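K.L.:
What follows is a predicted structure for the sequence shown.
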Amino acid sequence: MKTQAKQIVIVGAGLGGLFSAAYLSQLGFKVTLLESHNKLGGLATWYYRLDRKYLFSVSPHIVPKSLSKYLRQAFGSELSDELIPYPQIYFHKLNHACSFKKSDYQIFLSSHLGSQDLERVFSPVERDIDLSIKDYLDKRIENKDAFYNLIYLPLSHAKGLSLDSSIQTFYQTLDLFLEDGCFGFKSPIDVLMKKIKTHLEAQGVEIKMNKKVEHIQKVQNLLKIQTHSETIMADVVLWGATPQIVFNDLYPEANFKELSLTKTVSLNQVAMGIRGDTNLSQHTLFLNKAEDSREGYFHFNSEFSSLIYSSLDKSTDWKNIDETTYKTRKSSLMDHAHKLVEKFYGKLDIEFTEVSSPKTVEAFTHHYHGAIFGHKSDLDQYLTTMEDKYPGLYFVGARGEDFSGWLGMAKLAKLTANKCQNFLMEGSL
């Protein structure tokens, strides 16, 4: 077994790891990126079905335009030029649609919210900042259904907000998307990841796929990374994978599995391959409220005729159920999605359907509880404690609403790259 010395090692090629690799290589550091899977992107992943006839993207499909700046800084204009706006977002009915730009959105909401509610949405009062979204809804909003369905739901899907999230986070998220509306990517996620890989390798980043890290140890002033085939000594380690291994090796007293992770958000998806011609638009989102099914949204990929219905869920609701119950729940999700397709789009020739649950997400991403927006719990304070306890160790995985998704991970990577630079410069003095 060989031992190699590297300056910076990034564990996990999710969005945080990819942005971090880009920023650090631009600063002139030698970077090695380790990924346990055979694809880059983490949860921003994809899969083919029926002999590559259908491609399904698991990546978040809703991003703000402000992401463009970070894409350009990290990966160049070839990536930033991939962002294109959604011309229309449909809110639960075919005649409820707008672009989500602020002026258009205000006009749209004015016909559903009273003037007082509308003013509170766009002119929040400072005294309300400490309220949760639920408390704000209960205490300040008269038309609660309209607020929930037309304002809260779009942001919950885009950013993983829950009713327990703070109203301050809600307004920060609303401001992000009201700048220029909602955006998505022009190309499928596999094309985006190929472009990112090419860019990083041109920057000198060493990318090693199928390299699952088994252990991490502190050895004098270095961090020792152990994979199944090699040992790597690093001055700095950025950890973008699930933190469970780090906890087991460096902080066992925290007992990672016993942490309160019940608020962790995961994902259900029903992937459908549509045969024949359709009139579905590539860049249209259709949001669905939970009258007869789970709240969620449809996204269509016209190049591959693939339609996905995504809905948020909690992994804890899928734990400790038997195989029969598991199959019944997945079958129910599929039936609901097919009914919604017929309700919103009419009769489509659905050739293929596959259902994924939080258990699927956990199995393929190795994210504990199938987390897709990080763990919303007291985990964050433990990560901060570990960074203080082990200088040179940083976490660049999703950490709740502020640091999750494309934009959140780009921001976290930028902050962490600056920390790494300061740490290494101080060490060289």
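P.N.:
Sure thing, it's come through. Numbering: from 1, shown residues only.

K.L.:
Strands of the stretch 251-400 of the chain, start to end?
P.N.:
266-275, 284-288, 296-301, 306-313, 349-356, 393-395 (DSSP state E, counting those that start in this stretch).

K.L.:
Residue 82: which of these is closest?
P.N.:
Closest approach to residue 82 among the strands of the stretch 251-400 of the chain is made by strand 296-301 (14.0 Å; CB to CB). The C-beta positions use only the backbone N, C-alpha and C, and glycine is treated the same way.

K.L.:
Mean neighbour count, the strands of the stretch 251-400 of the chain: which tops it?
P.N.:
Highest mean neighbour count of these: strand 393-395, a mean of 24 (counted as mean count of other CB atoms under 10 Å).

K.L.:
Against which helices or strands is the following helix or strand past that strand packed?
P.N.:
Using DSSP states H and E, the helix or strand that follows strand 393-395 in sequence is helix 405-428. Identification of packing neighbours for helix 405-428 by 3 or more CB pairs under 8 Å, 6 or more residues apart in numbering; DSSP states H and E yields helix 15-26, strand 63-64, helix 67-75, helix 153-159, strand 230-239, strand 393-395.

K.L.:
What residues sit buried inside helix 405-428?
P.N.:
Residues of helix 405-428 classed as buried: 405-414, 416-417, 420-421, 424 (neighbour count, 16 or more other CB atoms under 10 Å).

K.L.:
Restricting to C-alpha, output that helix in CSV.
P.N.:
Below are the C-alpha coordinates for helix 405-428, written out as CSV (Å, rounded to 0.1, in the frame of the first residue of the first chain):
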residue,chain,number,x,y,z
GLY,A,405,-28.0,23.6,-3.2
TRP,A,406,-25.9,25.1,-6.0
LEU,A,407,-25.7,28.6,-4.6
GLY,A,408,-25.3,27.7,-1.0
MET,A,409,-22.5,25.3,-1.7
ALA,A,410,-20.8,27.8,-3.9
LYS,A,411,-20.8,30.4,-1.1
LEU,A,412,-19.6,27.9,1.5
ALA,A,413,-16.8,26.7,-0.8
LYS,A,414,-15.7,30.3,-1.3
LEU,A,415,-15.6,31.0,2.4
THR,A,416,-13.8,27.8,3.1
ALA,A,417,-11.2,28.3,0.4
ASN,A,418,-10.3,31.6,2.1
LYS,A,419,-10.0,29.9,5.5
CYS,A,420,-7.7,27.3,3.9
GLN,A,421,-5.5,29.9,2.3
ASN,A,422,-5.1,31.8,5.6
PHE,A,423,-4.4,28.6,7.5
LEU,A,424,-1.7,27.4,5.1
MET,A,425,-0.1,30.9,4.8
GLU,A,426,0.0,31.1,8.6
GLY,A,427,1.6,27.7,8.8
SER,A,428,4.3,28.7,6.3
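
K.L.:
remind me which residues of the stretch 201-350 of the chain are low pLDDT?
P.N.:
For the stretch 201-350 of the chain, the stretches flagged by pLDDT under 70 are 256-263, 281-284, 290-294.

K.L.:
now the helices: where do they sit in it?
P.N.:
Taking DSSP state H, counting those that start in this stretch, the helices of the stretch 201-350 of the chain run over residues 244-250, 323-345.

K.L.:
mind checking which of those helices is nearest residue 35?
P.N.:
Nearest to residue 35, of the helices of the stretch 201-350 of the chain and by CB to CB, is helix 244-250 at 14.3 Å.

K.L.:
Give me the residues contacting stretch 68-82.
P.N.:
Residues outside stretch 68-82 that contact it (CB atoms under 8 Å, 6 or more residues apart in numbering) are 18-19, 22-23, 83, 183, 185-187, 192, 195-196, 199-200, 407, 410-411, 413-414.

K.L.:
Repeat that for stretch 186-195.
P.N.:
For stretch 186-195, the external contacting residues (CB under 8 Å, 6+ apart) are 39-41, 44-46, 55, 57-59, 75, 78-79, 81-84, 185, 301, 303-304.

K.L.:
go on, stretch 171-180?
P.N.:
Contacts of stretch 171-180 (CB under 8 Å, 6+ apart): 62, 64-66, 85, 100-102, 105, 121, 124, 151, 154-155, 158-159, 161, 401, 407.
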